[in-house]
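**Q** okay, sequence plus prediction incoming.
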Amino acid sequence: MDRMNDQTNTNHYDSPEKKVQNTHSIQLWREYFSDRFETFEKRKMQTVSFRDMADGKDTSYTFVHIYRDYYPALLNAGQFFDEDIALLYKFHVQIETLIRLFSFEAQYGIVPYMQANFTATVDKLSDQMYLTLKQMNSEKLLSENKKLIEESLRNFQILYEIPPKWGYLLFFLFQVSWSLLYRDDVWLEKYEKQLLEEKESGKTTQMLELALVHFAFARKKDELAFQRIEKNEKKIEMVHFLVWMKLLVEKQEWNRLLSWLLYLKPTFLEGVNTYYYHSNAREFFHEYLNYFWKYAQHTGDEEQYEEMLIEFLPITFYEYGEYLMVIGEYERWVELQVIMGYSPELIQRKDLKEVISLNKESVLPIYHQTIDRLINERTRKSYQSAIKHLKTLRSIYFDLGEEDRFTKYINQIASVYGRLRAFKEELRKGKFIS
């Protein structure tokens, strides 16, 4: 019976591409992928020996051709009236391409000088898969083509065979796929139950533990997710947390996002000391910061955001300064510059100019502190810089109608630093004293 069906399929499709044109069958898509790859690889292998491939001596067939030639050929073959089915087909083309890339790596290896390129290609493809999933109307697909999506889920599981060293990538694809496409409540509960039974039977892996956290996340049971994280013996990579928060931003689930942001705050506070030594730590922190800003922006709840900025000073100095400027808290902005010991040269000119134009008196402490520091450096050059700032300070005091106050200030520093002959000379040159 199966042979008859196969024969019928062969006779029905007058060209290989017909298998994937407006067909709603993952099986037919995969059959086409296999046929197309066989033809593609035969053509590439005609000019290269296995020994050359193993030694990496010949470049007539590399993983690059899989991504550059085989991948777009599959994409171009699929034509569908339904845009969401077209996107689902594209997603499975991307799964196929990813599997073929890893198969190439396993069979032939990747020469060292191409390793970075291979990793970049794999990461680029995984990003494209995420974009494809975001573009789908998964609710419509699930309501109109549930059997097809169920077939899609079974096919998605072939990704579980990718090499363990790519575990971070596998879980990323698991997170986004179960959040954006396979988000049927019945499926979530079924697979979660299955994993819990496996765990109770003694089987446990990091992927299993991560999947249980994600199923709690997908079912909107964040407290349960946090409990499972705490019970996990291995530390969960920060990149996975950032994906969960990215998904919450995409869905605009702001209250849940805040829960995850606050849950992660102690972890980031513990890692403050590594901020300046590890580029990954800086990258992760600023992404975390960006999600906090998105939360404040969309909810108007700026209190939590500001509290976080204060807790993470000094590494949030620029973000906190920008925040204070946006909300018009100029005096507090000045306090921040003074606490950090910033002189006018180190402050963004446009910000300082704006504060001076709106609230002149508030900037006085910045100039007083800077002038004091420069005088105490006790070099001719620092004295000259102090005089330059004294001239600006004089202009501000005069604009405020506080000439007497400025005169008292000049008399005070002339007296306190009276023994610094070179400084007094600069004061005379600047016509501050006679």
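**A** Thanks, I have the structure now.

**Q** out of the helices and strands in the protein, which is least certain?
**A** Taking mean pLDDT, DSSP states H and E as the measure, the chain has helix 2-12 as its least confident helix or strand, at a mean of 41.

**Q** that one: what's the following helix or strand?
**A** helix 26-45 (DSSP states H and E).

**Q** mind giving me the packing neighbours of that following helix?
**A** Where contact means 3 or more C-beta pairs under 8 Å, 6 or more residues apart in numbering; DSSP states H and E, helix 26-45 is packed against helix 71-77, helix 83-108, helix 146-156. (Glycine included, C-beta is placed from N, CA and C.)

**Q** pLDDT of that helix, averaged?
**A** In this model, helix 26-45 has a mean pLDDT of 88.

**Q** report the mean confidence score over stretch 90-106.
**A** 96.

**Q** do the same with stretch 291-309
**A** 94.

**Q** also stretch 176-186?
**A** Over the span of stretch 176-186, the pLDDT mean works out to 96.

**Q** stretch 249-259 too?
**A** 96.

**Q** most neighbours per residue, which of the helices and strands packed on helix 26-45?
**A** Neighbour counts (mean count of other C-beta atoms under 10 Å) averaged over each of these peak at helix 83-108, with a mean of 20.

**Q** can you redo the helices and strands packed on helix 26-45 as JSON lines with distance to S362?
**A** Putting the helices and strands packed on helix 26-45 into JSON lines (distance: least, C-beta to C-beta, whole Å) gives the following:
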{"stretch": "helix 71-77", "distance to S362": "59"}
{"stretch": "helix 83-108", "distance to S362": "54"}
{"stretch": "helix 146-156", "distance to S362": "58"}
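
**Q** to L242, which of the ones you listed lies closest?
**A** helix 83-108 (21.2 Å; C-beta to C-beta).

**Q** before we move on, the earlier item: so which of the helices and strands packed on helix 26-45 gets nearest F285?
**A** helix 83-108 (29.7 Å).

**Q** on contacts alone, who are the packing partners of whichever helix or strand comes after that closest one?
**A** Counting by DSSP H and E, the next helix or strand C-terminal to helix 83-108 is helix 115-135. Counting contacts by 3+ C-beta pairs under 8 Å, 6+ apart, helix 115-135 packs against helix 63-65, helix 83-108, helix 167-180.

**Q** so the very next helix or strand once past the last one versus helix 146-156, what angle?
**A** When you say that, I think you mean helix 167-180. Following helix 167-180 in sequence order, the next helix or strand is helix 185-200 (DSSP H and E). Helix 185-200 and helix 146-156 meet at an angle of 30 degrees, taking axes from the mean of the first three to the mean of the last three C-alpha atoms, to 10 degrees as the criterion.

**Q** report the backbone C-alpha coordinates of helix 185-200 in CSV.
**A** Only the C-alpha atoms of helix 185-200 are listed here, as CSV (Å, rounded to 0.1, in the frame of the first residue of the first chain):
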residue,chain,number,x,y,z
ASP,A,185,-1.9,24.9,26.3
VAL,A,186,-2.7,21.2,25.9
TRP,A,187,0.7,20.5,24.3
LEU,A,188,2.5,22.5,27.0
GLU,A,189,0.9,20.5,29.8
LYS,A,190,1.4,17.2,28.0
TYR,A,191,5.2,17.7,27.3
GLU,A,192,5.8,19.2,30.8
LYS,A,193,4.1,16.2,32.4
GLN,A,194,6.3,13.9,30.2
LEU,A,195,9.5,15.7,31.3
LEU,A,196,8.5,15.6,35.0
GLU,A,197,7.9,11.8,34.7
GLU,A,198,11.4,11.4,33.1
LYS,A,199,12.9,13.4,35.9
GLU,A,200,11.1,11.4,38.6
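
**Q** contacts for it?
**A** With contacts defined as C-beta atoms under 8 Å, 6 or more residues apart in numbering, helix 185-200 is touched by 150, 153, 178, 204, 208, 211-212, 215-216, 218-219.

**Q** and that helix with helix 167-180, angle?
**A** Going by the same axes, to 10 degrees, helix 185-200 makes 140 degrees with helix 167-180.

**Q** can you read off the pLDDT for the residue nearest in space to the middle of the chain?
**A** Centroid-nearest residue in the chain: E287, 5.2 Å away (criterion: C-alpha atoms, centre = their mean). Note for E287: predicted pLDDT of 95.

**Q** got the phi and psi for the nearest residue to it once chain neighbours are set aside?
**A** Ranked by C-beta to C-beta, 6 or more residues apart in numbering and with sequence neighbours excluded, the top spatial neighbour of E287 is L242, at 5.4 Å. The phi/psi pair for L242 (degrees, to the nearest 10) reads phi -70, psi -30.

**Q** and L242, how many neighbours?
**A** By other C-beta atoms under 10 Å, the residues close to L242 number 18.

**Q** just checking, it touches L289?
**A** No. L242 lies out of contact with L289 (C-beta atoms under 8 Å); the separation is 11.3 Å.

**Q** can you put the helices and strands packed on helix 115-135 in JSON lines and add distance to K408?
**A** As requested, these are exported to JSON lines (distance: least, C-beta to C-beta, whole Å):
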{"stretch": "helix 63-65", "distance to K408": "74"}
{"stretch": "helix 83-108", "distance to K408": "73"}
{"stretch": "helix 167-180", "distance to K408": "64"}
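
**Q** do you know which of those lies nearest R405?
**A** helix 167-180 (61.4 Å).

**Q** buried residues in that closest one, which are they?
**A** For helix 167-180, a neighbour-count test (16 or more other C-beta atoms under 10 Å) marks 169-180 as buried.
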